[in-house]
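**Student:** Model the structure of this input:
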Amino acid sequence: LSKLPVELAAKCFALLPAELTPRILARSLKLRNVSAEALSLLEQAVEEHFFSKPSEDDGSIWIERVANVVNRMERAQALSVLENLSVSAPEHAQKLRKFIFMFEDLVLMEAKSRARLFDRVSAEFITPALWGMDAAFKEAVLSALSARARRMVESELGSDDGTPRKDTANARKKIAETAILMGRKGEITMPDL
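**Tutor:** Model prediction:
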């Protein structure tokens, strides 16, 4: 955690169980500089753990674990991770890419799959998710909605000033998670990223 950018480290601390956070924060206050050799060995061990070839008994669990982490990152961070991984381990990046999907990727999805997705998404998430998106993106999503749902969402978006709301990030994550689940079940076709 001490090696992560401050904002990402804060998000990671927020995800930790409440009883662990104070202990980890206290330990981080006592951190000393780690030798470059030790840090390199640790990074290598983590890379081997997450990116080594899976054995027959664990299948593609490692891909799903890493994909779950990447899917929860901010889009720019996730794309940076995939780009770096494409250079250092292209075969892993290719496998991982199939499990990565973010809200912004909706426009890359086939219209039929997008319509199936939004049939499943709760209406309470659509408006906040679209808040602050550009007109072309909004139209791609609105065209996937029923006429009644579209009118309701357009009405609520009428006061969109281009600034995301408090519930925007959560709504986008919920929609992306629904798409990932549906894609894994073969209910929709996921776009190639």
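**Student:** show me what contacts the residue most central in space within the chain?
**Tutor:** With distances taken as CA atoms, centre = their mean, residue 71 lies nearest the centre of the chain, 2.2 Å away. Applying CB atoms under 8 Å, 6 or more residues apart in numbering to residue 71 gives the contacts 78, 99, 100, 101, 102, 176, 177, 180. Every C-beta, even on glycine, is put in place using the N, C-alpha and C of the backbone.
**Student:** can you pull the contacts of the first one?
**Tutor:** With contacts taken as CB under 8 Å, 6+ apart, residue 78 has the following neighbours: 70, 71, 100, 102.
**Student:** Next: the fifth one.
**Tutor:** By CB under 8 Å, 6+ apart, residue 102 lies in contact with 71, 75, 78, 172, 176.
**Student:** What strand or helix carries the fourth one?
**Tutor:** Spelled out, that is residue 172. Using DSSP states H and E, residue 172 maps to helix 168-184.
**Student:** Same check on the third one?
**Tutor:** According to DSSP H and E, residue 78 maps onto helix 75-88.
**Student:** Next, the angle from that helix to helix 168-184.
**Tutor:** Comparing the axes of helix 75-88 and helix 168-184 via axes from the mean of the first three to the mean of the last three CA atoms, to 10 degrees yields an angle of 50 degrees.
**Student:** picking up where we left off before, now for the helix holding residue 172, which elements pack on it?
**Tutor:** If you count contacts as 3 or more CB pairs under 8 Å, 6 or more residues apart in numbering; DSSP states H and E, helix 168-184 packs onto helix 61-71, helix 111-120, helix 123-130.
**Student:** Switch the contacts of residue 102 over to TSV; also include distance to residue 27.
**Tutor:** Converted to TSV, the contacts of residue 102 look like this (distance: CB to CB, whole Å):
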residue	distance to residue 27
71	28
75	31
78	28
172	33
176	33
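**Student:** what's the closest of those residues to residue 189?
**Tutor:** Among the contacts of residue 102, residue 176 lies closest to residue 189 (CB to CB), at 15.5 Å.
**Student:** and residue 145, what helix or strand is that in?
**Tutor:** With DSSP H and E as criterion, residue 145 is part of no helix or strand.
**Student:** That one: what's its closest spatial neighbour, skipping adjacent residues?
**Tutor:** residue 118 (5.6 Å; CB to CB, 6 or more residues apart in numbering).
**Student:** Against residue 142, how distant is the one you found?
**Tutor:** Distance of residue 118 to residue 142, computed by CB to CB, to the nearest Å: 9 Å.
**Student:** These two: which has the busier surroundings?
**Tutor:** Taking other CB atoms under 10 Å, residue 118 and residue 142 do not tie; residue 118 has more neighbours (24 against 18).
**Student:** Just the buried residues of the one helix or strand residue 91 maps to, please?
**Tutor:** For residue 91, the enclosing helix or strand under DSSP H and E is helix 90-97. Within helix 90-97, the residues that count as buried by 16 or more other CB atoms under 10 Å are 92, 93, 95, 96, 97.
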